[in-house]
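J.: here is a sequence with its predicted model. Questions after.
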Amino acid sequence: LHTLNIPTMESAAVGSRNFNPAKKESFLITRELTDVISLEELASEKIAPELKIRLIRALAGSVGPMHHAGINHRDCYICHYLLQKSSATSHIPTLFVIDLHRAQIRKKVPLRYQLKDVAGLFFSSLDTNLSKRDVLRFIRIYSGKKLHDELQNNLYFWLKVQKIARKLYFKEFQRVPAHDPFAPEK
């Protein structure tokens, strides 16, 4: 992630024992991240519209390049993104991606893991008052393509993301979200 310029934790120490993969034990100690707040915690507060737009840009600008480089998180929720508070007024705020112990690195992220990561972000954002415009902004930045082209070429992917996010929400809360940016307008 550091080589992709995606902010994350910095290793302070690492160690392991046993060569047999079935018995291998390891640890990783990271440097402390200070002056941060999780996006989940931040979303429970009233967020200025300009900051929300900048956060969506930063989040999509983190997850998209990560996936395009072959890295998937496998536990991708807004609680695993920490905003550096002092960067909140920056054009693109600094978001640290954390909790990477289940992350995988390959040449290409399989579709199922790409869906899982993006749907996890949307699921964990359903109570944050996202607008349809916010979702479209995320899609455009995440894909790195013109919105029209992305939706024309990958509509199935985005419909599947929506379906998985709603299903996760219902499974977790036994209700539909009060505010659903995917719902058709009335």
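T.: Here it is on my side, so go on.
J.: partner residues bridging Tyr81?
T.: Val97 (DSSP bridges).
J.: top helix in this protein by residue count?
T.: helix 147-173 (DSSP state H).
J.: ranges for the helices of the chain?
T.: For the chain, applying DSSP H gives helices covering 39-43, 49-68, 111-125, 132-143, 147-173.
J.: ok, which of those helices comes nearest Ser11?
T.: Relative to Ser11, the nearest member of the helices of the chain by C-beta to C-beta is helix 49-68, separated by 17.9 Å. Quick note: C-beta positions are derived from backbone N, CA and C, even for glycine.
J.: gap between Ala48 and His2?
T.: 30 Å (C-beta to C-beta, to the nearest Å).
J.: one more: Gly70?
T.: As judged by C-beta to C-beta, Gly70 and His2 stand 15 Å apart.
J.: so which of the two has more stuff around it?
T.: Legend: neighbour count by other C-beta atoms under 10 Å for Gly70 and His2, higher for Gly70 (13 against 10).
J.: could I get the contacting residues of the more buried one?
T.: Contacts here follow C-beta atoms under 8 Å, 6 or more residues apart in numbering; on that basis Gly70 touches 105-109.
J.: ok, back up a step: the longest helix of the chain vs helix 132-143, what angle?
T.: 110 degrees (axes from the mean of the first three to the mean of the last three C-alpha atoms, to 10 degrees).
J.: Ile139 reaches Lys146, doesn't it?
T.: No - applying C-beta atoms under 8 Å as the test, Ile139 and Lys146 come out as separate, 10.6 Å apart.
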